[in-house]
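Trainee: any chance you can model this:
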Amino acid sequence: MHISKRLLLGIGAATLIMESVVILPAFAADKVSLFKVITTKDEIVIGISEGDLARIEGQNAGGVARMLVARGSMSAWQYAVRKSSSGDLEQVPLHKIGLLASDSLRVEPYATPLKVLPIDETRK
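Mentor: Numbering: from 1, shown residues only. Purely as a prediction, here's the structure:
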């Protein structure tokens with residue numbers, strides 16, 4: 001039986017595509033949602049992983065604010081903008097911070113056109 005090079009190449013390409021579709025999501029890190037936290041003194045951008053956000057009622061800025069008020073404090077990753085090695089701007093986790101509830105606190109969703117890097121849990 002003779003298998004043409006084109007058919008063999010097509011089967012190989014299809015296998016590679018199917019493998020990447022199945023395997024890559026397993027290696028993908030948690031997506032991060034960004035929020036701007038505003039007080040009377042300043043404002044910062046924090047990131048909460050998709051897994052942590054799923055445990056918050058409402059899974060939005062209102063849920064984050066309600067959780068902060070209910071607990072009195074919470075930990076989150078502060079995000080900042082930096083240049084990547086290719087020169088593109090990206091949002092990256094800077095360091096883990098503690099937030100305290102106060103009457104002047106406001107939490108808003110934060111949209112960015114920049115690439116948002118995932119939280120590296122090994123840096124906790």
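Trainee: all helices for this protein, in order.
Mentor: Ranges of helices within the chain are 5-27, 50-54, 61-71, based on DSSP state H.
Trainee: worst average pLDDT in those?
Mentor: With a mean of 47, helix 5-27 has the lowest mean pLDDT of these.
Trainee: so how far is stretch 83-93 off the chain centroid?
Mentor: Remark: stretch 83-93 is offset 15 Å from the chain centroid, using Cα atoms, centre = their mean, to the nearest Å.
Trainee: any idea which residue sits dead centre in this structure?
Mentor: Val32 (1.4 Å; Cα atoms, centre = their mean).
Trainee: do I have it right that that one meets Val45?
Mentor: No - between Val32 and Val45 there is no contact, the gap being 10.7 Å when judged by Cβ atoms under 8 Å. Every C-beta, even on glycine, is put in place using the N, C-alpha and C of the backbone.
Trainee: between the two, which contacts overlap?
Mentor: Tyr79 (Cβ atoms under 8 Å, 6 or more residues apart in numbering).
Trainee: touching, Pro109 and Ala61? I think so.
Mentor: Yes - the pair Pro109 and Ala61 qualifies as a contact (Cβ under 8 Å) at a distance of 5.0 Å.
Trainee: so for those two, which residue has more residues nearby?
Mentor: Comparing Pro109 with Ala61 by other Cβ atoms under 10 Å, the one with more neighbours is Ala61, at 17 against 12.
Trainee: measure the nearest residue to that one once chain neighbours are set aside to Asp120 for me?
Mentor: Nearest non-adjacent residue to Ala61, counting by Cβ to Cβ, 6 or more residues apart in numbering: Val107, 4.6 Å away. Distance, Val107 to Asp120, by Cβ to Cβ, to the nearest Å: 23 Å.
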